[in-house]
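1. structure of the sequence below:
(chains A and B)
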Amino acid sequence: MKKKQNKKPEKDKSKELIEILKKHGAQVYEDLENGQFPKFSIPNRSISNIMYDKKLRQYILGTNTSLRSSRNTSQLRSFTQLLWLAFFANKLTHEKKSSTLRDVYYSSQAFAVDFEDQGESDNIIVDLEAVLSKPRENFFVFPEERSSIFGDLTIEYTIPGYEGKKQNLSTHPDGYAIGPSMTSAQLADTSAELVIAIEKGGLFTRFVEEQVDKKFKSIIINTGGQAPRSTRTLLKRLHEEMKLPVVILTDGDVYGEHIAMVIKSGSANAAHLRELTVPDAKWMGVWATDIDKYKLPTIPMTESDIKRCFDLQKDPRYQEGIWKKELEVFTKIKKKAELEAFSKYGLTNITDKYLPEKLELAKSL
Amino acid sequence: MSSKEQFNQISPSEFFYRNRDLAGFSNPTRSLYTAVREFVENSLDACDHSGVFPNIEMTIKAVNTEKPDPKQYILTVKDNGPGIPPKHVPLAFGTVLYGSKFGLKQARGMFGLGATMAILYGQITTNKPVKVKSNSDGKIRNDFEMLLDIQKNKPVILKKEEKPSSELGLSVSICLDGDYSKAGTKIRDYVYQTSLITPYATITFNDPKGEKFHHKAIIRSMPPAPTIIAPHPYGIDVETIRRMLVDTHYQIPNVDDKMIEKVRKELGMSKKKFSYNDIMKKTEKKWKSLTRPVRVVIALMSFLEADFEKLQRVRIEDVDLRNNKLVYWDYSTSQTLVSDMDVESPYYKQLANTVQGESLTHFLTKRFQRVGPTSAVEFCKFAKFKPESRVGNMTDQELVKLSDALQTYEGFRSPDPTCLAPLGAIPLEKGIERRFEPDFSAVVQRTASAYSGFPFVIEMGIAYGGNIESRGTTVYRFANRIPLLYDEGSDVVLKVVKDTDWNRYKVKNDSAPLIIVSHICSTRVPYKTVGKENVADRPEIEKELRLALQFLSRKLAGYMSKKGKAEMAKKRANLYSKYLPLIAQFCTELSGNKKEPKYEKMIKEETNIGEEANIEEKTE
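-> Residues are numbered from 1 along each chain as shown, chains lettered A, B, ... in the order given. Presented below is the predicted three-dimensional model:
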């Protein structure tokens, strides 16, 4: 079964970004020319301006914006940093050169725009995301690669030197790193009908070995704990461009539940962005109720685990459905179980028994 | 029980010899420092009072440089003052409690006691004489070498020389046990601080290590010299009143040869023998020009019907106004005689007035400062005395009552400060500016106030930044132009400074380059100890100090906020010139323009704003 891409191609994305950047640059230029101090309007990212949008099913920013003016000497430095970053992002996007947060920090030093530490430069990067309403991956700033993908998916590279080259992602059993080239590639073709995101590398390998991709016609993605944003972007694209449903398998604890939630509805930290969520993604385990149901060996929760339970109970996204129910059970039993716990009943127990049952259940979720 | 207890009188020298700790000669370190102070202060006082710009050279030399401290040093202080007439030199330097400072006016030393103490200390520790070189007439210098006879409180002159010299001044040199390695810092501080509070003086110090500390005079004007004035009623006690009564011209004069000579002279009858009648006739003509004592003597003569010869043979024993009798002893007949006084005689009134003394109101207005006729009458009402009552007739109880009333009556005006010699705001500010070279300084001289009848004036200065290297608040304390270096812990000035919340005045207390100079001038500074190093916290003095410091702190706060603004503007301009070029560069590339926008004007404008703020600060 072939799926056709229907989203705008990556090339257009870059073009659009460059246009926006140019527009901002021209505005600053004009201000200076007129003897005026240029300024940026930045959506306010303070907690008071972050709210949950039920329609979008994610956190969004309110209408508050703060003005960063070059006239104000306490903002002059960060204004310059922000403009420099726009300039640098423009360069990266033009040249299709990927970089990391750390790269950005060091690159700044070549331009006499000093950042005190990486924390400061990271902050400015988020500011630019907010100004542009685009994730940093769009302007070629990527996270360190630690998540990977495996399955019958053909991609077409857009990065310099590989343009037009196609690659099927089922030829290497260790999987493929989800890096800049993957993120910017066109999704060409797939026979899969499902995406399974799994929290841990060990289980990812087991799934490849047990040919979960073939047995369940799926693309397997290792999120490596909390899913990096490029991975979340890829999940969203697989869902939207290839029309694949996304299911998520995590450890049986509050952190696992929240990893699934972030894939589904994003984080408050990224409330200024709209391209990182898969609102239809489903968390299929390990649930708190599974611990008893499958008689899984458990570990008692630590104090910080319990505190996390109570914190999440205040989150508006945990007020209904299995999210609410499972969280309440976790809070009650004060125990957790890892994905590996199934090994008690044989190494393939998870793929032979648990996975099929849960996939079946997920359809009704 | 011992009935053979010995009662001996000791001389003042002996008393101080036994109690030398009291005067600051407790150990070699302290003694060296105290000796320096006493001589330098005497020299400064001498120059001040004669209106000479002081030029003082002090030298300390070790007798044997090889020896470790404490050891013998020779201390020499030389000044350009008026010198001391040769006949007074032995007494001035060879007697304890001999001096010219017993009047009521501000001076550095109180009694001229310290210098003699230093000499005494030197003599005790080294058995070497003091060497004094004095030139008081600009022609001849008199050189003395003297020891002190401690038991007799008398000088012993070992050597006396005369040398022709035109240079006025006094030089005193003593040999004493001292510890310069320990006292050195204090002595240098003392010299430095003295130069700060005496900016019209040139002070040079040659230290034992061959180093020279030279503090040149920085102003050429001297503050007006203080005047000697009558006491204020608040500062009085019974004994003082009694002395004042005795010390009037209203006593019956002692009729001796000298007095008779005076009477003859005033009447113009010195040469020949005159009859009683001749004398009376002459008196009528000359009455108006006669002095009061002479008038009294003539009044006596009139009742005795005596000529000069007879007058020489009698001694007046009593003037009995109740019975109008004059009682006298006649030497020629060796018996007491009584003469009647004619109440109608014009001389009676003269005599009566004299014996009874002045009226109370007259006594108060004449003998005290700040008492006028009106307040004298008001006071009498308050104290329940008749205004016209005669002070000469007062009993002991009445004197006590008078003394108490004088101190409790609240109607007197505050003491007259003309007996004080504050440095003055301008010399103080100049001193501060030249010695510390601060960015900001301010001074204030408060109006005179008084505590227990003693007038005082507070002068204070504040200095901030510039070449001040110390961090935190440094306080220089002065009293009557003397630096106070020891015992700072319990001083009232430090208490007031410590109580100040500097944050309110935009000053970071622990790191600010801040200096406070405090000067208390008073006829009697209330020292806590005999060593005269810290001032007790009298509420009146504390209040004045507080007001002075608040005034200065507000000025400092004004400067600090201006300075803050100017610094801010400068900082702004710097920031703009750093970042605007970058902004221009980035936006040019980002927008795809070829040429950078013209932003230079914007930096210029901001820089100008900064400079304006700077100029404003300087002209202030």
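
2. so which elements touch the longest helix seen in chain B?
-> With residue count as the measure and DSSP state H as the assignment, chain B has helix B:539-591 as its longest helix. Identification of packing neighbours for helix B:539-591 by 3 or more Cβ pairs under 8 Å, 6 or more residues apart in numbering or on different chains; DSSP states H and E yields helix A:10-33, helix A:73-95, strand B:440-445, strand B:449-451, strand B:454-464, helix B:492-499, strand B:513-522, helix B:600-619. Just so you know, the C-beta spots here come from the backbone N, C-alpha and C atoms, and that holds for glycine as well.

3. figure out which of those is closest to residue B:28.
-> Across the helices and strands packed on helix B:539-591, residue B:28 has its closest neighbour in helix B:492-499 (27.6 Å, Cβ to Cβ).

4. quick one: residue A:333 and residue A:300, what's the gap?
-> With distances defined as Cβ to Cβ, to the nearest Å, the gap from residue A:333 to residue A:300 amounts to 10 Å.

5. so what's the closest residue to chain A within chain B closest to, chain neighbours aside?
-> Of all residues in chain B, the one sitting closest to chain A is residue B:590 (2.7 Å; Cβ to the nearest Cβ). When the adjacent residues along the chain are set aside, residue B:590 lies closest to residue A:25, with 2.7 Å between them (Cβ to Cβ, 6 or more residues apart in numbering or on different chains).

6. the nearest residue to residue A:94 once chain neighbours are set aside: neighbour count?
-> The shortest distance from residue A:94 to any non-neighbouring residue, by Cβ to Cβ, 6+ apart, is to residue A:18 (6.9 Å). The local packing of residue A:18 (other Cβ atoms under 10 Å in any protein chain shown) involves 16 other residues.

7. would you agree residue A:18 is in contact with residue A:93?
-> Yes. With contact taken as Cβ atoms under 8 Å, residue A:18 and residue A:93 are classed as touching, separated by 5.7 Å.

8. domain assignment for chain B?
-> Domain segmentation of chain B under automatic domain parsing yields B:12-215, B:233-247+B:358-408, B:257-356, B:418-556, B:560-619.

9. of residue A:333 and residue A:300, who's got more company?
-> A count of neighbours by other Cβ under 10 Å puts residue A:333 above the other of residue A:333 and residue A:300, at 15 against 10.

10. who's in contact with the residue nearest to that one when sequence neighbours are not counted?
-> If you skip the residues right next to it in sequence, residue A:333 has residue A:288 as its closest partner in space, 6.5 Å away by Cβ to Cβ, 6+ apart. Under the criterion of Cβ atoms under 8 Å, 6 or more residues apart in numbering or on different chains, the contact partners of residue A:288 comprise A:252, A:326-327, A:329-330, A:333.

11. and the residue in the stretch 151-300 of chain A that chain B sits nearest to, which of the three is it?
-> Sorted by distance to chain B under Cβ to the nearest Cβ, the residues of the stretch 151-300 of chain A start with residue A:160, at 20.7 Å. The three-state label for residue A:160, taken from DSSP: H, G, I helix; E, B strand; the rest coil, comes out as coil.

12. tell me the contacts of it?
-> Residues touching residue A:160, when contacts are defined by Cβ under 8 Å, 6+ apart, comprise A:95-96.

13. now the strands: where do they sit in the stretch 51-200 of chain A?
-> Shown for the stretch 51-200 of chain A, the strands assigned by DSSP state E, counting those that start in this stretch span residues A:58-61, A:65-69, A:99-100, A:141-142, A:148-150, A:153-156, A:166-168, A:176-177, A:186-190, A:194-198.

14. list the contacts of residue A:141.
-> Applying Cβ under 8 Å, 6+ apart, we find residue A:141 in contact with A:89, A:92, A:98-101, A:103-104, A:125.

15. if we go to 10 Å?
-> Contact criterion Cβ atoms under 10 Å, 6 or more residues apart in numbering or on different chains gives A:85, A:88-89, A:92, A:98-101, A:103-104, A:122, A:125, A:128-129, A:135, A:180 as the residues in contact with residue A:141.

16. state the distance from the closest residue to residue A:235 other than its chain neighbours to residue A:216.
-> The shortest distance from residue A:235 to any residue that is not its chain neighbour, by Cβ to Cβ, 6+ apart, is 5.2 Å, and that residue is residue A:278. The span separating residue A:278 from residue A:216 equals 18 Å under the rule Cβ to Cβ.
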